[in-house]
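Participant: structure for this input, please:
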Amino acid sequence: MGLSRTPCSIQLFFLVGLYIIYQCSAIEVDANQTALLFVNASEASARKIPETLFGIFFEEINHAGSGGLWAELVSNRGFEAGGQNTPSNIDPWTIIGDESLLVVSTDRSSCFDRNKVALRMEVLCNSTGTNICPPGGVGIYNPGFWGMNIEQGNTYKLVFYVRSLESINVSVSLTGSKGLQSLATANVIADDVSYWTKVELLLDAKGTDHSSRLQLTTTRKGTIWFDQVSMMPLDTYNGHGFRNGLFKMLADLKPAFIRFPGGCFVEGEWLRNAFRWKETIGPWEQRPGHFGDVWMYWTDDGLGYFEFLQLAEDLGALPIWVFNNGISHTDEVDTSSILPFVQEALDGIEFAIGDPDSTWGSVRAAMGHPEPFDLRYVAIGNEDCGKKNYRGNYLKFYDAIKRAYPDMKVISNCDGSNHQLDHPTDLYDYHVYKEANAVFSMAHNFDHVSRKGPKAFVSEYAVTGKDAGGGSLLAALAEAGFLIGLERNSDVVKMASYAPLFVNANDKRWNPDAIVFNSSQLYGTPSYWMQCFFVQSNGATLLNTTLQANSSSSLIASAITWQNSEDEKNYLRIKVVNFGSNTANLKISIDGLELNSIQSYGSTKTVLTSSNVMDENSFNEPNKVAPFKSLLEDAGKDMDVTLLAHSFTSFDLLRESSVLQIAGSGSVRKSPI
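Facilitator: Next up is the predicted model:
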């Protein structure tokens, strides 16, 4: 019997279409007690799960994009992190040399109107004379986002703008973290750069250093201005600028949608620092960037509105755009003055889906994407329902969007699960952040929600607090139980996504998160692996199930049928969470199948568990808590199985095609069930 750890990309093989049970009960099972699970596999009682049920939510938090998914290696590339005025904050740029050798400052001399700040470097030393520069020269360096990951054999594209009244001889180099080891170098020699001049270089790394830095140095006296210094690896996903490893982890989840760019990032602590899409499009050199004052760091907005739409397309996911509705955490725009924000939203929709000859569709086309993106959903704000002006502002947006784009689905911030909303909407947003027991108990939260009216979008859910740790097994199990409940209620829950998605280990603004990374490493938390069990639920068929046992709350189960898109084989999947601290015995009985329709060979079992319920993954042990897959012996319509304490188990039963005898011919295999 084979046993292996299963990455999510392979796990999808099991996950290909999880469909849960219409009736899902949860029960506590003592150590030697047996629970009974009845699965009705007949089509009469089955129900289709929405194609959109499980997706992802990306927020610019924890340096998820800037210094994460977006592969830009230079931090504060335009020297604008201190704002538009000078002197500006040039961190993390650092001076090489001392005040007797050079003076570094900022001024507003840039050629880019939307980001006027440039760096001015006055070099006082020279290669000859009384004040001689050191052998390596003087200048500036940038360590990127806690070190640049430079790998031998890879090529990096460096772009920067330079100006000087004298001729220049600038050395460009990638070095180790202390500036000693040389990984790549090039010289920029020019006699006439009196006007701003764009320099492009390809740097081939001759060595590897995961904490490298970029240096710009010279040994020639004079004044040099630098601006918009960018460096990207050539090897990004599809050349679109996304870091390959992090992109793959998202792609392995096969998300039906991606909600972006927040979250609180959309609101801002103050409106002046909110994400405004028009500031994030066009050539990257002309994007002013902004300070995300909720999560307290600067972003150059290289990952802007266009790139988010491109990310959704690359993932094969529907984009869900969340835009600011005139409300931040601190200030609000009165409804009587909201029309400019409304027009900005309408322009943003036109940018995404307008004809290439429309006003904003032409801007998209000029950026290299003449075809419209597949934008079907927009969310009016984030967590703003309780704010004074939200309902008034919302109605202005809703009416204008529906007039211009009748088919666009609009999402309200107000929770409609407990009462009828007082305003029209297509979906309502629902957020859950609680401790593990509370999240697990919410599996039945939508059981009694009205089946009429707008559907729920559970756009942010996660276990938080002490029992979440930095991403514990306990948290993942509670969330798995909650998602089983959402599947069961997928007639009223249309979408769900975990939050937050990413965290740079050097800037944990929120804990826990699904994917942890630094400049060169990454791993999924147990909550990431838990989501892999649901990858194939979108569009699958939910079966009716009944779970019987004594007592109350430790088991929860579901069943679906799905087809593996890779081998086109059909499976019946049973998922069970044992949230209790005791091993449980489970008798499974499946009704409604043809005789001998379950094939033992090819049926599998996948288990997510660990020796301690608070176990976590780490860079040193990235798979300490990860799914194990093994062959399922004695697979059939009646099975006795054991559920480990604190575990999430998926049984994937391969369904054979049946054989039909036709008179006068041999056996003819029917189409897969």
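Participant: bridging residues for Ile320?
Facilitator: Arg259, Tyr377 (DSSP bridges).
Participant: if I pick it, what's in contact with it?
Facilitator: Gly55, Phe257, Ile258, Arg259, Phe260, Tyr377, Val378, Ala379, Ile411, Ser459, Met495 (C-beta atoms under 8 Å, 6 or more residues apart in numbering). Quick note: C-beta positions are derived from backbone N, CA and C, even for glycine.
Participant: check Ala184 too.
Facilitator: Counted by C-beta under 8 Å, 6+ apart, Ala184 has contacts Ile150, Tyr156, Ser173, Leu174, Leu203, Asp204, Ala205, Lys206.
Participant: out of the residues you listed, who has the most neighbours?
Facilitator: Ile150 (30 neighbours; other C-beta atoms under 10 Å).
Participant: how near is Gly368 to Gln310?
Facilitator: 9 Å (C-beta to C-beta, to the nearest Å).
Participant: same question for Glu43.
Facilitator: 40 Å.
Participant: kindly report the same for Cys133.
Facilitator: For Cys133, the distance to Gln310 (C-beta to C-beta) stands at 44 Å.
Participant: one more: Arg47?
Facilitator: For Arg47 relative to Gln310 (C-beta to C-beta), the value is 35 Å.
Participant: which one of the two is surrounded by more residues?
Facilitator: Comparing Arg47 with Gln310 by other C-beta under 10 Å, the one with more neighbours is Gln310, at 22 against 15.
Participant: wouldn't that one be in contact with Thr236 here?
Facilitator: No. The criterion here is C-beta atoms under 8 Å, and Gln310 misses it with Thr236 at 11.4 Å.
Participant: now do the same contact list for the residue nearest to Gly153 when sequence neighbours are not counted.
Facilitator: The spatially closest residue to Gly153, leaving aside those adjacent along the chain, is Ala205, at 6.6 Å (C-beta to C-beta, 6 or more residues apart in numbering). Going by C-beta under 8 Å, 6+ apart, Ala205 touches Ile150, Glu151, Gln152, Gly153, Asn154, Thr155, Tyr156, Leu174, Leu183, Ala184.
Participant: same thing but 10 Å
Facilitator: Ala205 is in contact with Ile150, Glu151, Gln152, Gly153, Asn154, Thr155, Tyr156, Leu174, Leu183, Ala184, Ser212, Pro233, counting by C-beta atoms under 10 Å, 6 or more residues apart in numbering.
Participant: and what of Leu183?
Facilitator: 148, 150-152, 156, 173-176, 203-209, 212-213.
Participant: Thr218 versus the closest residue to Val138 other than its chain neighbours, what's the distance?
Facilitator: The shortest distance from Val138 to any residue other than its chain neighbours is 3.3 Å, reached at Gly97 (C-beta to C-beta, 6+ apart). Applying C-beta to C-beta, the value for Gly97 to Thr218 is 10 Å.
Participant: which residues do those two both contact?
Facilitator: Met121, Val123, Cys125, Cys133, Gly137, Val138, Gly139.
Participant: take those residues and keep only those in strands.
Facilitator: Using DSSP state E, Met121, Val123, Val138, Gly139 are the members of those that sit in strands.
Participant: okay, the residues you listed in JSON lines with neighbour count next?
Facilitator: What follows is these, written out as JSON lines (neighbours: other C-beta atoms under 10 Å):
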{"residue": "Met121", "neighbour count": "23"}
{"residue": "Val123", "neighbour count": "26"}
{"residue": "Val138", "neighbour count": "21"}
{"residue": "Gly139", "neighbour count": "25"}
